[in-house]
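> dropping a prediction and its sequence here:
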Amino acid sequence: MRLPIGIHTGQQDATYRELRRVWRWADQAGFSWLSVWDHMYEAPPVDGTHPAFETVSILTALAMETRHVRIGCLVMNVGYRNPGLIAKAACTIDHISKGRLTLGLGAGWHEMEYIAYGYTFHPPKIRLDMLEEGVQIVRSLLTRETTTFNGKYFRVVNAYCNPKPLQPRLPIWVGGRGEQRTLRIAARYADGWNCPYVSPEEFARKCAILDEYCRVEGREPSSIFRSVNIGFYMGADEADAQRKRDFLRKQWGAQAQEREGGMLTGTPQEAIERIHQYIAAGARQVNIALRAPFDWKALRAFADKVLPAFS
């Protein structure tokens, strides 16, 4: 079965040269997607001292370093950036990439960096209210001649956003796992939904909730593109796979069992079987999420043995 498979590179603990090497290799190796995240500090949080590149800048660089893959951010945080500024950046990057951008938007969660950088860390309801306003503003700016929006948190007045994207409809995805608001916002406004680090069973359950929200909104559920990010802990062979499992359990400690459901572990053959489970659960794209230092032996094994099973 043909399935787009991507790489999600958290731009932390790596030099630009190392990131560029991964991007250029993936662009030629048969991957369909490359993305970055939106944080000022490392994720998951440690102590805030780990190096991490800024998002709009690094996404622009990703656009310039690649030619074939679709690119995106999973996801831009409307709590850090005014939606009008997000729309302007998206239009610019879409031109630089020759129409390859997908824009992910989210409500944010990383309290440590909010506080450190002077942003108010609102309660979840407010952050999600901001996301709902932001998605509407961005969509309007990308598609309409002018936009006026008077929200509780964001306001634009007779705003022009030119040039428009190269794509007739630049895809907007909403990212997150929240079932009460995030999935409802996705059903109401988004072209796609991205869910991070859940098992196939949990992904299927959330897809069913999204389907129900679509029915409430009078929308065909299949019209929302569904993707999942999974942590990359696969080994190139059985011995390497066991070392990776041991590392995962040591890294996450008491949380390892819960976290392992959203991680890709085992051998390449086991990875193929796991990805088929996500397809059965409703995924139309699977992204392996990387953190430096990058395991080139495992990455090459994935490209050589796993990608062909879905091409």
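Received the coordinates, thanks.
> surely Val157 forms part of a strand?
Yes - counting by DSSP: H, G, I helix; E, B strand; the rest coil, Val157 is part of a strand.
> ok, and the closest non-adjacent residue to it?
In space, and not counting its chain neighbours, Val157 is closest to Thr148: 5.6 Å by C-beta to C-beta, 6 or more residues apart in numbering. Any C-beta I mention is one placed from the backbone N, CA and C, and that applies to glycine too.
> elements contacting the helix or strand harbouring the one you found?
In this assignment (DSSP states H and E), Thr148 forms part of strand 147-150. Judged by 3 or more C-beta pairs under 8 Å, 6 or more residues apart in numbering; DSSP states H and E, strand 147-150 is in contact with helix 124-143, strand 155-159.
> what strands flank it, and is each parallel or antiparallel?
The pairing partners recorded for strand 147-150 under DSSP bridges are strand 155-159 (antiparallel).
> adjacent strands (with direction) for the helix or strand following the partner strand?
As assigned by DSSP H and E, the chain's next helix or strand after strand 155-159 is strand 172-175. Strand pairing for strand 172-175, using DSSP bridges, gives strand 101-106 (parallel), strand 192-196 (parallel).
> who touches the nearest residue to Phe154 once chain neighbours are set aside in this structure?
Residue nearest to Phe154 in three dimensions, not counting chain neighbours: Glu133, with 4.9 Å by C-beta to C-beta, 6+ apart. Glu133 sits next to Val78, Pro83, Phe149, Gly151, Lys152, Tyr153, Phe154 when contact means C-beta atoms under 8 Å, 6 or more residues apart in numbering.
> at 6 Å instead, please
With contact taken as C-beta atoms under 6 Å, 6 or more residues apart in numbering, Glu133 is in contact with Gly151, Tyr153, Phe154.
> and of these, the nearest to Tyr117?
Taking C-beta to C-beta as the measure, Tyr117 lies nearest Tyr153 of the contacts of Glu133, at 17.9 Å.
> give the burial count for that closest one, as a bare number.
16 (other C-beta atoms under 10 Å).
> any idea how far it is from Leu131?
Using C-beta to C-beta, to the nearest Å, we find Tyr153 at a distance of 10 Å from Leu131.
> what's the answer for Ala271, then?
From Ala271 to Leu131 the distance is 33 Å (C-beta to C-beta).
> Leu166 too?
Taking C-beta to C-beta, one finds Leu166 at 26 Å from Leu131.
> those two: which has the busier surroundings?
Leu131 (28 against 15).
> next up, the contacts around that one.
Val78, Ala107.
> re earlier: buried deepest among the helices and strands packed on strand 147-150, which one?
Comparing these by mean neighbour count (mean count of other C-beta atoms under 10 Å), helix 124-143 comes out on top with a mean of 21.
> alpha carbons only: can I get that one in PDB?
Taking Å, rounded to 0.1, in the frame of the first residue of the first chain, the C-alpha atoms of helix 124-143 are listed here in PDB:
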ATOM      1  CA  PRO A 124      -5.700  25.200  28.500                       C
ATOM      2  CA  LYS A 125      -9.200  26.700  27.700                       C
ATOM      3  CA  ILE A 126      -7.700  30.100  26.800                       C
ATOM      4  CA  ARG A 127      -4.800  28.500  24.800                       C
ATOM      5  CA  LEU A 128      -7.400  26.500  22.800                       C
ATOM      6  CA  ASP A 129      -9.600  29.600  22.300                       C
ATOM      7  CA  MET A 130      -6.600  31.400  20.900                       C
ATOM      8  CA  LEU A 131      -5.900  28.400  18.600                       C
ATOM      9  CA  GLU A 132      -9.500  28.500  17.300                       C
ATOM     10  CA  GLU A 133      -9.300  32.300  16.600                       C
ATOM     11  CA  GLY A 134      -5.900  31.900  15.000                       C
ATOM     12  CA  VAL A 135      -6.900  29.100  12.600                       C
ATOM     13  CA  GLN A 136      -9.700  31.300  11.300                       C
ATOM     14  CA  ILE A 137      -7.500  34.400  10.800                       C
ATOM     15  CA  VAL A 138      -4.800  32.500   9.100                       C
ATOM     16  CA  ARG A 139      -7.200  30.700   6.700                       C
ATOM     17  CA  SER A 140      -8.800  34.000   5.800                       C
ATOM     18  CA  LEU A 141      -5.500  35.800   5.200                       C
ATOM     19  CA  LEU A 142      -4.300  33.000   3.000                       C
ATOM     20  CA  THR A 143      -7.400  33.000   0.800                       C
END
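> sounds good, over and out.
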